[in-house]
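In: Here's a sequence, model it:
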Amino acid sequence: MNAEKIKTLLSSVKNIFKKDFIVGLDIGSSSVKIAQFTKKEDGLHLVKADLREIASSPSAPRNDGEEKNISTLKELFRGVNVKKSKIIAIINCPKTATKIAKAPYMPKTELKKGISLEAKSYFPFPIEGSELDYEILGDAVEKGVRKYEIAVSVSPKVTVEKNLSLLRKAGIKPVSFVPCPYTLQKLAEKSYSKEGKTTCIIDIGELHTELAIFKGKALVFTRKIPVTGKSFTSAMTGALVSETGKIQLSPEEAEKIKRETGIPPAEGESKIIDGKISTTQVLAMMRPLLEQLADEIGRCFDYHREESGGEKTDSVVLFGGGAALSGLTKFLSEELGIEVKLGDPLEGLKVEPKAVPERDKISYRLGPAVGAALTDGKGINLLPPEIKEETKRIAKRGTLEVIVTAVVLVSLLLYIGMRIQLGNFKKRISVAKKELSSLQHQYKKAEAHHLAGMVLIDEPHWEDILKELSHLIPHEIHLTDMRMEDNIITIEGIASSERGEQILSTFILALEKGIFKNVKLVSVKDLKDQVGNEFVVKCWVD
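Out: Okay, the predicted model is just below:
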């Protein structure tokens, strides 16, 4: 068995143990989203992306939310082979954050300890009792001193354990916990980065709004914004006093109006919604939050501009359930003075048919889940160290299993190959005997001609020619017929190899360099039921 075949075999054995799918998982407050990819020769292909709402009634028992999450997860993962999937889950809470910073240049073995000590100054809240991880983004020079530019992420261990517990109960074992800004970076790299341009991506969720600014593909700034999808719903549940009396919407009514009406236009006639509240009143309740949202985004732009020496932000892309608030993109575009659009994380990806039901209605909510899958479990990982070590041990054990299995299979196939070769040798010996018999017949005929005086003085010496020919025949070629007439030898045979044509070409060159003044390949064709070529060659003797 040659090296190329062994390499192919090892690759096949390795594929038995590898993960076939990469799944990004986003567990939000009101919905769960997944994006499942598979790797093919031309890159990642999206095979499934979906979401399920998990809204719970305020009067439901405390554990009702967890039960709904577990049920929703099981429903979404129906048909997904969890054991063959690499699952990357997003983790988030008010104290889950990512910071772009600079760290002193030091040996990488000491870097994590140094970052852990410095990280207290990176975040506006205590990070004791938090999981921490980082990624080196590159080198930087600050006041002539070489430093590392890093992305540092933290999340409370309580949040991490809570998410782990939920996933365990749903039968899901993640290989990585990633913060939301890290997933938005992968989206920027894939679809929204432009050379020399600065892009802001904002994910507006039910309880968390994440803002990330990118220079090209590089993440340069992240921040949580205190205005969320729930903020707008809550603002609309406040009591209003009008000519018709006191009006107060329930959370369910407010959510319904928010989704169906969005931001009412300031101009035009006011209309009554559901016979209860006017569009003018809805706008009045929403406007303070809309202005706060625009102000928060504007302050982030100002901070980035100061830190970067005057770079302006060129465009804004919105994701998340709150991003679809009707009229929001137009309002923010007018307030910020730049292009604001609703994002599509599937743009530029290879999407299998029927992979995304109702794509137009849900794609903007899939951003973080898609970004999580695009991380491929590499980079920042906020899983506890002991679980990450366990994952590495499992990977090493899997590699060892691959090696052991490959050795066994290679040995078995070598044995089988040797048996096959032995059979081939026996066949070749049989063919050689037939060839020898044919040659002896021709030799006797030539000898008889010579003794009878029928061979002219200038005719070739067939005995010498046949001896020379026997030295030139490669072991992959066996002859099936040979005819000699008028100083021409016609040779018919079989090149029994995958490289039949190459071997035949080498054989013809050897004949030309030998005793023949001209060699011509009359015909060559593939064998029907086996590997190799059948050929006819004519050789002219000097």
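In: what about residue 151, how many residues close to it?
Out: Counted with other C-beta atoms under 10 Å, residues neighbouring residue 151 total 23. C-beta coordinates here come from the backbone N, C-alpha and C atoms, glycine included.
In: doesn't residue 138 make contact with it?
Out: No - when contacts are counted by C-beta atoms under 8 Å, residue 151 is not listed as touching residue 138 (10.5 Å).
In: Please list all residues in contact with the residue nearest the centre of the chain.
Out: The residue lying closest to the centre of the chain (C-alpha atoms, centre = their mean) is residue 44, at 4.4 Å. Remark: with contacts taken as C-beta atoms under 8 Å, 6 or more residues apart in numbering, residue 44 is in contact with 22, 37-38, 349-350, 373-374.
In: repeat for residue 24
Out: The contact partners of residue 24, taken as C-beta under 8 Å, 6+ apart, are 34-37, 88, 90, 183, 368-375.
In: got a pLDDT number for it?
Out: Turning to residue 24, the model gives it a pLDDT of 96.
In: what are the bridge partners for it, then?
Out: Applying DSSP bridges to residue 24 gives these bridge partners: residue 35, residue 88.
In: give me phi/psi at residue 271?
Out: For residue 271, the backbone dihedrals (degrees, to the nearest 10) come out as phi -120, psi 150.
In: In space, what's closest to it - neighbours in sequence excluded?
Out: Distance criterion C-beta to C-beta, 6 or more residues apart in numbering; nearest residue to residue 271, sequence neighbours excluded, is residue 279 at 5.0 Å.
In: Can you report how many residues lie near the one you found?
Out: For residue 279, the count of nearby residues is 19 (other C-beta under 10 Å).
In: Residue 251 now?
Out: 15.
In: Quick check: residue 207 vs residue 227, distance?
Out: Using C-beta to C-beta, to the nearest Å, we find residue 207 at a distance of 11 Å from residue 227.
In: Quick check on those two: which one has the bigger neighbour count.
Out: Neighbours per residue (other C-beta under 10 Å) separate residue 207 from residue 227, with residue 227 holding more: 21 against 14.
In: Now do the phi/psi pair for the more buried one.
Out: Residue torsions, per degrees, to the nearest 10, at residue 227 are phi -100, psi 120.
In: For it, give its distance to residue 343.
Out: Using C-beta to C-beta, one gets 18 Å for the distance from residue 227 to residue 343.
In: cool, residue 235 as well?
Out: Taken as C-beta to C-beta, the span from residue 235 to residue 343 is 25 Å.
In: out of these two, which sits in the busier spot?
Out: For the pair residue 235 and residue 343, the greater number of neighbours falls to residue 343 (24 against 19), based on other C-beta under 10 Å.
In: Correct me if wrong: that one contacts residue 192.
Out: Yes - proximity of residue 343 to residue 192 meets the contact threshold set by C-beta under 8 Å, at 7.4 Å.
In: Find residues that contact each of the two.
Out: Shared between the contact lists of residue 343 and residue 192 (criterion: C-beta under 8 Å, 6+ apart) are residues 201, 317.
In: rewinding a little: filter the contacts of residue 24 down to just the ones in strands.
Out: With strands defined by DSSP state E, the entries of the contacts of residue 24 inside them are 34-37, 88, 90.
In: Narrow the residues you listed to those that are buried.
Out: The neighbour-count criterion (16 or more other C-beta atoms under 10 Å) marks 34-37, 88, 90 among the ones in strands among the contacts of residue 24 as buried.
In: In CSV: the residues you listed, plus pLDDT and distance to residue 308.
Out: As requested, these are arranged in CSV below (pLDDT from 0 to 100; distance: C-beta to C-beta, whole Å):
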residue, pLDDT, distance to residue 308
34, 96, 36
35, 96, 32
36, 96, 37
37, 96, 34
88, 97, 30
90, 96, 28
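In: Which of the residues you listed sits closest to residue 258?
Out: residue 90 (23.9 Å; C-beta to C-beta).
In: Quick one: mean pLDDT over stretch 291-311.
Out: Mean predicted lDDT for stretch 291-311 stands at 94.
In: got the CA coordinates for it in PDB?
Out: C-alpha atoms of stretch 291-311 as PDB (Å, rounded to 0.1, in the frame of the first residue of the first chain):
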ATOM      1  CA  GLU A 291     -34.100  59.700  21.700                       C
ATOM      2  CA  GLN A 292     -32.200  58.000  24.500                       C
ATOM      3  CA  LEU A 293     -31.300  55.100  22.100                       C
ATOM      4  CA  ALA A 294     -30.000  57.600  19.500                       C
ATOM      5  CA  ASP A 295     -28.100  59.500  22.200                       C
ATOM      6  CA  GLU A 296     -26.400  56.400  23.500                       C
ATOM      7  CA  ILE A 297     -25.400  55.300  20.000                       C
ATOM      8  CA  GLY A 298     -24.100  58.800  19.300                       C
ATOM      9  CA  ARG A 299     -22.000  58.900  22.500                       C
ATOM     10  CA  CYS A 300     -20.400  55.600  21.400                       C
ATOM     11  CA  PHE A 301     -19.600  57.100  18.100                       C
ATOM     12  CA  ASP A 302     -18.100  60.200  19.800                       C
ATOM     13  CA  TYR A 303     -16.000  58.100  22.100                       C
ATOM     14  CA  HIS A 304     -14.700  56.000  19.200                       C
ATOM     15  CA  ARG A 305     -13.900  59.100  17.200                       C
ATOM     16  CA  GLU A 306     -11.900  60.600  20.100                       C
ATOM     17  CA  GLU A 307     -10.000  57.300  20.700                       C
ATOM     18  CA  SER A 308      -9.300  56.800  17.000                       C
ATOM     19  CA  GLY A 309      -8.100  60.300  16.100                       C
ATOM     20  CA  GLY A 310     -11.300  61.500  14.400                       C
ATOM     21  CA  GLU A 311     -12.600  58.400  12.500                       C
END
